[in-house]
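> Need a 3D model of the following:
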Amino acid sequence: MREFTQGTAWWSPDGRPVRADPADQDRLPGDTWERAGLPAGVRLEFSARGVRAVEVAYAASPPSDTDSYRNAPPVFTLLADSCEEAGTPVPARRGSGTEAVGIPSQQDAPARAPDTPTPPPGARAQSAFDSPAAPGSHVARIELPYPDGDFTLHLPETLRPALTGLRPVGGGTIEPAARRPRWLVYGDSIAEGWSASRPHLAWPALAGRALGLDTVNLGYAGAARGELASAQQLASLQGDLITVAFGTNCWSRTPHSAGLLHETTRAFLALVRQGHPGVPLLVLSPVLRPDAESVPNALGATLGELRSAVERAAGDAGAALLPGGGLLESRHLVDGVHPGDTGHGLLADAVAAALRRGQPWTAS
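Residues are numbered from 1 along each chain as shown. Below you'll find the predicted structure:
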């Protein structure tokens, strides 16, 4: 099963993908560890030959109180090349459903998920389809739009599923997708995917697909304040590119002065560099938050001043910098803090362009 899973960093003892090192849990803040249990960006990727549907066996939990605030519904989302890209007419699809173990499969028609945005030149056009998921032990039947091709299946993240099986239905074969350059993305709730309508529309997922990367999402909602334990965990992972995007939660949730955030960011990047001395490193400074830009926090720092502190630290570390302050407008924020699908698309475009500029790696 694990050979089909991409976007993973670590595994829990009960077989769930987690986004922080279980062996190092005691050094992490509680809010970071809680968010690490959500499999943001984790997905199944496979090549099918002669397959009309696949079944995914999983055991899932009800959404936590925090997860209930996410905008993404509990569904599996299948990404497939558009029929023009695949070169195959799309046949009529039977319904996809969720089958509780020992209970006949539902045959409700799959809902069309929000499609991926218009891809940049050279990227594949894809369509997305939802299939329902639920807490408990189930087998989800996922209909494929055509029998031969490459597919990505995003998980019902808020249910934190443990995946126990993947198999073709009615003949044919599936094989794990080819491995791609690995991109490690550390950040806060916006990196985790709040408030995109589906996991595949979060900016790390969008940019990773555009560049042909295996995105490992290490975004922690309400956390990611540059904890040095997280930097050391990041340094321990294999990675071909790294992006660091934090600082917003240092304005209010855990107030930092500009000086403190500058030194924290310098130390964080230095520890990351110890594990990845030659890996391209991009720092994305905090994006727009209108209520914080010019309002001092408990230690007297505005978000504008904190953003400048992060950007100075990136320069000190010799990292590439993408200034975040001008990438979004207020209309792109669904709650004044988190971007919706359009905002995530804009961030993905900007990050992908920054990663393309002068980086010593080859996108697939």
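> ok, what's across the strand from L78?
Beta-bridge pairing of L78, defined through DSSP bridges, involves F129, L153.
> Retrieve the pLDDT associated with it.
According to the prediction, L78 has pLDDT 98.
> longest single helix anywhere in the chain?
Scanning the chain for the helix with the most residues, using DSSP state H, yields helix 258-275.
> continuing past that one, what's the next helix or strand?
The element immediately downstream of helix 258-275 (helix or strand, assigned by DSSP states H and E) is strand 281-284.
> Pull out the buried residues from that next one.
Neighbour counts using 16 or more other Cβ atoms under 10 Å place 281-284 of strand 281-284 among the buried residues. Bear in mind the C-beta positions are built from the backbone N, C-alpha and C, glycine included.
> what about stretch 235-244, how long is it end to end?
Its first and final residues considered, stretch 235-244 spans 12 Å by Cα to Cα, to the nearest Å.
> what's the answer for stretch 216-227, then?
Between the opening and closing residues of stretch 216-227 we find a distance of 18 Å, counting by Cα to Cα.
> Quick check: mean pLDDT of that stretch?
Mean predicted lDDT for stretch 216-227 stands at 97.
> Tell me the one of the buried residues of strand 281-284 nearest E34?
Proximity to E34 was ranked across the buried residues of strand 281-284 by Cβ to Cβ; first place goes to L284, at 23.5 Å.
> Run through the residues that contact the residue nearest to the closest one when sequence neighbours are not counted.
Distances taken as Cβ to Cβ, 6 or more residues apart in numbering place A245 nearest to L284, at 3.8 Å, with adjacent residues excluded. A245 makes contact with 185-188, 190-191, 219, 283-285, 324 under the criterion Cβ atoms under 8 Å, 6 or more residues apart in numbering.
> ditto for V295
Under the criterion of Cβ under 8 Å, 6+ apart, the neighbours of V295 are 302-303.
> before we move on, what SS does it have?
In the three-state summary, V295 is assigned as coil, counting by DSSP: H, G, I helix; E, B strand; the rest coil.
> Could you check the pLDDT of it?
Model confidence at V295, expressed as pLDDT, equals 98.
> What is the burial count for A298?
Using other Cβ atoms under 10 Å, A298 is surrounded by 11 other residues.
> start at 335 instead
Will do, 335 is the new start, and the previous item becomes A632.
> Strands along the stretch 335-484 of the chain, start to end?
Remark: strands assigned in the stretch 335-484 of the chain by DSSP state E, counting those that start in this stretch are 339-340, 344-345, 351-352, 377-383, 387-394, 409-415, 431-434, 445-446, 460-466, 470-477, 483-488.
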